[in-house]
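J.: Here is my input, please return the structure:
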Amino acid sequence: MRNYLSVFIISFLIVLLDQLTKWLVKAHVPFLSRINVFSWFDITHLRNPGIAFGMLRDMPEHLRFYFYIVVFVLVLIVIFFFLRNLDEEQRVFRYALAFVLGGAIGNSIDRFAFGYVTDFLAVYWPGNPDMLWPPFNVADSAITIGAISILILGAVGRGRKN
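T.: Residues are numbered from 1 along each chain as shown. So this is what the prediction gives:
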């Protein structure tokens, strides 16, 4: 149970931060507007009905809803499968899974409640907003950090076995 407690705490904190930041953006940044923070960073208010980078945004809404349910359930199954099979000393892997779980829950709350995810972090080439990385949110960041960590841990782990 102790293995799961840290995962649930980290995931809960990510969901809390994600939902709080999305609420703040919805409350204080008009839809489709931008607030410039740095020469390479804006806070914006966008709605993404698709998945990562807006993929599947043109899929009919009723199909997209069921697709999200299937993907979310599969993500949960995979995360809990790995958690169940981790050794006690594999803490970093466990934390990486917690980041993915928290991000998946955070974005799923929006998808199931509103039919879209609020994206608000816009990073671009300094001074050139036309060279924009697709806007994202805290949940997306957590999923990315967790996934990259898992890939690195997998590569390092394979290197040690050879």
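J.: Helix, strand, or coil at the residue nearest to the spatial centre of the chain?
T.: In the chain, the centroid-proximal residue (Cα atoms, centre = their mean) is Asp140; its distance is 2.5 Å. At Asp140 the chain is in helix, as set by DSSP: H, G, I helix; E, B strand; the rest coil.
J.: now Leu76
T.: Three-state assignment for Leu76 (three-state DSSP): helix.
J.: Just the pLDDT at it, thanks.
T.: Confidence at Leu76, expressed as pLDDT, is 94.
J.: what are the ranges of the helices in this structure?
T.: Applying DSSP state H to the chain gives helices spanning 2-28, 61-85, 91-114, 138-161.
J.: Please identify the most buried of those helices.
T.: helix 91-114 (a mean of 20; mean count of other Cβ atoms under 10 Å). Any C-beta I mention is one placed from the backbone N, CA and C, and that applies to glycine too.
J.: Can you tell me what sits against that one?
T.: Residues outside helix 91-114 that contact it (Cβ atoms under 8 Å, 6 or more residues apart in numbering): 3, 6-8, 10-15, 18-19, 22, 47, 65, 68, 72, 75-76, 79, 82-83, 86, 116-118, 137-147, 149-150, 153.
J.: Export it to PDB, keeping only CA atoms.
T.: Provided in PDB are the C-alpha atoms of helix 91-114 (Å, rounded to 0.1, in the frame of the first residue of the first chain):
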ATOM      1  CA  ARG A  91      10.800   4.900  -6.900                       C
ATOM      2  CA  VAL A  92      11.600   7.100  -9.800                       C
ATOM      3  CA  PHE A  93       9.700   4.900 -12.200                       C
ATOM      4  CA  ARG A  94       6.800   5.000  -9.700                       C
ATOM      5  CA  TYR A  95       6.900   8.800  -9.600                       C
ATOM      6  CA  ALA A  96       7.000   8.900 -13.400                       C
ATOM      7  CA  LEU A  97       3.900   6.800 -13.600                       C
ATOM      8  CA  ALA A  98       2.300   9.100 -11.000                       C
ATOM      9  CA  PHE A  99       2.900  12.100 -13.300                       C
ATOM     10  CA  VAL A 100       1.300  10.300 -16.200                       C
ATOM     11  CA  LEU A 101      -1.600   9.300 -14.100                       C
ATOM     12  CA  GLY A 102      -2.200  12.800 -12.700                       C
ATOM     13  CA  GLY A 103      -2.000  14.300 -16.100                       C
ATOM     14  CA  ALA A 104      -4.300  11.800 -17.600                       C
ATOM     15  CA  ILE A 105      -6.900  12.300 -14.900                       C
ATOM     16  CA  GLY A 106      -6.500  16.100 -15.100                       C
ATOM     17  CA  ASN A 107      -7.200  16.200 -18.900                       C
ATOM     18  CA  SER A 108      -9.900  13.600 -18.600                       C
ATOM     19  CA  ILE A 109     -11.800  15.700 -16.100                       C
ATOM     20  CA  ASP A 110     -12.000  18.400 -18.700                       C
ATOM     21  CA  ARG A 111     -12.800  16.100 -21.600                       C
ATOM     22  CA  PHE A 112     -15.700  14.400 -19.800                       C
ATOM     23  CA  ALA A 113     -17.000  17.600 -18.200                       C
ATOM     24  CA  PHE A 114     -16.700  20.000 -21.200                       C
END
